[in-house]
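Trainee: got a predicted model here, sequence first, then my questions.
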2 protein chains.
Amino acid sequence: MIKIIKMKKQIFVLVSLFVLTYSCKQDNTTTTAEQETSSISDPLPSWNDGKTKDEIIAFVKKVTTEGTQDFVPVEDRIATFDNDGTLWAEQPIYFQLFFALDQIKVLAPEHPEWKTTEPFKSVLEDDMKGVLKSGKEGLLKIAMASHANIDAEDFKSAVKTWMATAKHPRFNQPYNAVVYQPMLELMTYLEANGFTNFIVSGGDIDFMRAWATETYGIPSHRIVGSTVEAEYDNTDGKASVIRLPGVVLADRGDGKPIGIYRHIGKKPIFAAGNSDGDLEMLHYTDANAHPSLKLYVHHTDETREWAYDRDSPIGELNKGLDEAMAKNWTIANMKNDWNTVFSFEK
Amino acid sequence: MIKIIKMKKQIFVLVSLFVLTYSCKQDNTTTTAEQETSSISDPLPSWNDGKTKDEIIAFVKKVTTEGTQDFVPVEDRIATFDNDGTLWAEQPIYFQLFFALDQIKVLAPEHPEWKTTEPFKSVLEDDMKGVLKSGKEGLLKIAMASHANIDAEDFKSAVKTWMATAKHPRFNQPYNAVVYQPMLELMTYLEANGFTNFIVSGGDIDFMRAWATETYGIPSHRIVGSTVEAEYDNTDGKASVIRLPGVVLADRGDGKPIGIYRHIGKKPIFAAGNSDGDLEMLHYTDANAHPSLKLYVHHTDETREWAYDRDSPIGELNKGLDEAMAKNWTIANMKNDWNTVFSFEK
């Protein structure tokens, strides 16, 4: 047990470093027919009736009813969604880390020296203990080799290829199928009510943009994510942007309001997260002069998904949970509030 | 004459520094009725019939005709517009510089020491020669005092107040009225044909966002501009983002493809500029796998606007003009191609 905790701490340090080293915006495609249907029937069928669902629907009605003090004009109906743990799962490790490890295997034929060099040797031998043993420096090398010094479009192609082939170890589903059906419905519901949805993810902006448009129906310019240094290259007459080592925006914690400020230029009136890393985004939303709704997804379902919060090395929700309860923010209790977690359950 | 050239060079250096030190994204609001009208009647009434207008219309027809090799799906119809000299005028100096000088006067009561300290003394006495004499360092001080260490929302409010009161010295019109009617029509025409328009300006992103939505009908998240360092502040429980000295993105030259990459995540198929500072954006557009149109606005009308290109300290178009001619890019000759420049002419 102590060993597991120790390993978890190591994973936490590594994952934090990974996210810090490599840490999104687009247009939904809800048709008028879908909008009409959803406004007539239950717009949130995967949400159980109760306090949480009532709060969401009451908020949307409040800000969209003209002639009241709480009415929010369409151009200010900005909704921001964290991704890892809020829209898709983040266990047993952030999915982007699975990509990084798999990408090392893809790139290995070009790097014969990796067979005998750590941390690559351990990655190629599926030896996670060996990877962890290589420490921060090892993970940084994995991040660099899989994410840096590459044409941004080539990087997105690599992510797309991975997404089309890789499977989640527990669910044996493509990673972009391991997304929360109730949250997809929530995004569609907000869009149908004049909201503009944005992803504001700690994940890398190009990693997100490679698949999130198709999965969430949000165009690339509405996907905000952690952003690396970049340089323009036109040496061979083919203009492109190259991803460099170094981070311009670590889109978590304090970085989320900064990312929202830079990419959106307005405070949200609706924001959803699941961890302490989303707390500043919720504070920034709470500071909106318009009424706002702050939503925390609380991972309470160890049967259908995972149960974790205060002590989790991934998706720690401690300070945020206290504050959400004290301030009566909306909390989606996964076990109680969602009758469906993933669409593949059906 | 030599004196004027010398002064122009000085202005150029100062303006470059200003733009480097301080250097934009949103949704058009064309109604279905407007779209239908524009597709029936002439969509570009302020453009004279001829080669330039024909090229634009032929391109739009080409990329929107389904079933052909040149068809571009709606999600890839990205159009980017430079602002200074492309959408609004930029003479006799960049309008943002007028704002900076005016802002010093607004802030002067809080800074009694400015009455005796350069460059502020010269600004307050409307002594442009004195301002120029203070050199790079002086302009940097003006930029800092007017643009840095301020809540981003307070800064936008200051710009809005200025925009509502300041007048252009030649036209005696609000600065946001000194915009090119043919370019407004072009943006509406593209939007009606499924394009998503973005501003990609060398101007400061918050300066742009304070007025460009109203003027161009483009929401703040589709305005890209030069971007300053920022920090999140929640010390008094009121979450906000503070503008800091230092630049994250100088959105001109090489910076424009980087800004497009970060904010849009796709190469444009249509890009419009007017200076060598837009050339890299046009190269990046030209590198799109889809067909693309590169448009240069050429300032050739000294009667209705200004005539300048190769030797201009502001909006220099030299290398870009050669390349546009050699590669048969589209060139809007203001004098010949536009029957109206500004709507206030009528």
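Mentor: Arrived safely, thanks for sending.
Trainee: show the pLDDT at the residue nearest in space to the middle of chain A.
Mentor: The centroid of chain A falls nearest to residue A:83 when counting by C-alpha atoms, centre = their mean (1.7 Å). Listed pLDDT for residue A:83 reads 98.
Trainee: that one against residue A:199, yeah?
Mentor: Yes. Residue A:83 is in contact with residue A:199 according to C-beta atoms under 8 Å; the separation is 5.6 Å. Backbone N, C-alpha and C define where each C-beta goes, glycine included.
Trainee: returning to that earlier point: residues in contact with the residue nearest to the centre of chain A?
Mentor: A:24, A:199, A:201, A:202, A:203, A:208, A:212, A:225 (C-beta atoms under 8 Å, 6 or more residues apart in numbering or on different chains).
Trainee: nearest residue to it in space, please, no chain neighbours.
Mentor: residue A:201 (3.7 Å; C-beta to C-beta, 6 or more residues apart in numbering or on different chains).
Trainee: one more: residue A:190?
Mentor: Residue A:190 sits nearest to residue A:79 (C-beta to C-beta, 6+ apart), 5.1 Å away.
Trainee: what of residue A:316?
Mentor: That would be residue A:276: by C-beta to C-beta, 6+ apart, it lies 5.4 Å from residue A:316.
Trainee: one more: residue A:86?
Mentor: Residue A:86's closest residue in space is residue A:274 (C-beta to C-beta, 6+ apart), at 4.6 Å.
Trainee: measure the one you found to residue A:330 for me?
Mentor: Distance, residue A:274 to residue A:330, by C-beta to C-beta, to the nearest Å: 12 Å.
Trainee: quick one: which of those two has more around it?
Mentor: Taking other C-beta atoms under 10 Å in any protein chain shown, residue A:274 and residue A:330 do not tie; residue A:274 has more neighbours (27 against 20).
Trainee: may I have the phi/psi pair for that one?
Mentor: Note on residue A:274: its backbone torsions stand at phi -140, psi 0 [degrees, to the nearest 10].
Trainee: which ones are touching it?
Mentor: So residue A:274 contacts A:82, A:84, A:85, A:86, A:296, A:297, A:298, A:299, A:315, A:317 (C-beta under 8 Å, 6+ apart).
Trainee: I'd like those residues written out as CSV, with secondary structure added.
Mentor: Output for the contacts of residue A:274, formatted as CSV (DSSP: H, G, I helix; E, B strand; the rest coil):
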residue, secondary structure
A:82, coil
A:84, strand
A:85, coil
A:86, coil
A:296, strand
A:297, strand
A:298, strand
A:299, strand
A:315, coil
A:317, coil
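Trainee: so which of these wins on neighbours?
Mentor: residue A:82 leads the contacts of residue A:274 on contacts (other C-beta under 10 Å) with 29 neighbours.
Trainee: I figured it hits residue A:203, correct?
Mentor: No. Counting by C-beta under 8 Å, residue A:82 does not reach residue A:203; the two are 9.5 Å apart.
Trainee: which parts of the stretch 151-300 of chain A are helices?
Mentor: For the stretch 151-300 of chain A, the helices defined by DSSP state H, counting those that start in this stretch cover A:152-165, A:181-192, A:205-209, A:212-216, A:255-263, A:279-286.
Trainee: please identify the most buried of these.
Mentor: helix A:205-209 (a mean of 30; mean count of other C-beta atoms under 10 Å in any protein chain shown).
Trainee: measure residue A:286 to residue A:193 for me?
Mentor: From residue A:286 to residue A:193 the distance is 20 Å (C-beta to C-beta).
Trainee: actually residue A:112, not the one I typed
Mentor: 56 Å.
Trainee: neighbour-wise, which of the two wins?
Mentor: Legend: neighbour count by other C-beta under 10 Å for residue A:112 and residue A:193, higher for residue A:193 (19 against 9).
Trainee: close to chain B: what parts of the stretch 201-346 of chain A are there?
Mentor: A:205-206, A:209, A:213, A:219-223, A:227, A:230-232, A:234, A:238-241, A:248, A:254-255, A:257-258, A:261-266, A:280, A:283-284, A:286-287 (C-beta under 8 Å from any C-beta of the partner chain).
Trainee: what does the stretch 51-200 of chain A give?
Mentor: Near chain B, when you scan the stretch 51-200 of chain A using C-beta under 8 Å from any C-beta, you find A:75, A:152, A:196, A:198.
Trainee: quick check: the first one is in a helix.
Mentor: Meaning residue A:75. Yes. With three-state DSSP as the criterion, residue A:75 is located in a helix.
Trainee: list the contacts of residue A:202.
Mentor: Applying C-beta under 8 Å, 6+ apart, the residues near residue A:202 are A:19, A:23, A:82, A:83, A:84, A:225, A:226, A:250, A:251, A:252, A:255, A:277.
Trainee: nearest residue to it other than its sequence neighbours?
Mentor: residue A:252 (3.9 Å).
Trainee: can you check residue A:47 too?
Mentor: residue A:53 (4.4 Å).
Trainee: same deal with residue A:341?
Mentor: For residue A:341, the spatially nearest residue (C-beta to C-beta, 6+ apart) is residue A:304, at 4.6 Å.
Trainee: buried subset of the residues of the stretch 51-200 of chain A next to chain B?
Mentor: Taking 16 or more other C-beta atoms under 10 Å in any protein chain shown as the criterion, what is buried in these is A:152, A:196, A:198.
Trainee: let's have these in CSV, adding distance to residue B:100 and pLDDT.
Mentor: Putting these into CSV (distance: C-beta to C-beta, whole Å; pLDDT from 0 to 100) gives the following:
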residue, distance to residue B:100, pLDDT
A:152, 34, 97
A:196, 32, 98
A:198, 31, 98
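Trainee: for residue B:168, state which of these is nearest.
Mentor: residue A:196 (33.1 Å; C-beta to C-beta).
Trainee: residue B:260 versus the closest one, what's the distance?
Mentor: 20 Å.
Trainee: ok, the closest residue to residue A:256 other than its chain neighbours - contacts?
Mentor: In space, and not counting its chain neighbours, residue A:256 is closest to residue A:281: 3.9 Å by C-beta to C-beta, 6+ apart. Applying C-beta under 8 Å, 6+ apart, we find residue A:281 in contact with A:80, A:82, A:200, A:256, A:257, A:260, A:268, A:271, A:273.
Trainee: can you name the residues bridging to residue A:293?
Mentor: In this structure, residue A:293 bridges to residue A:270 when assessed by DSSP bridges.
Trainee: any idea how far residue B:240 is from the closest residue in space to residue A:284 that isn't next to it in sequence?
Mentor: Nearest non-adjacent residue to residue A:284, counting by C-beta to C-beta, 6+ apart: residue A:257, 4.0 Å away. Noted for residue A:257: a distance of 8 Å to residue B:240, by C-beta to C-beta.
Trainee: noted, bye for now.
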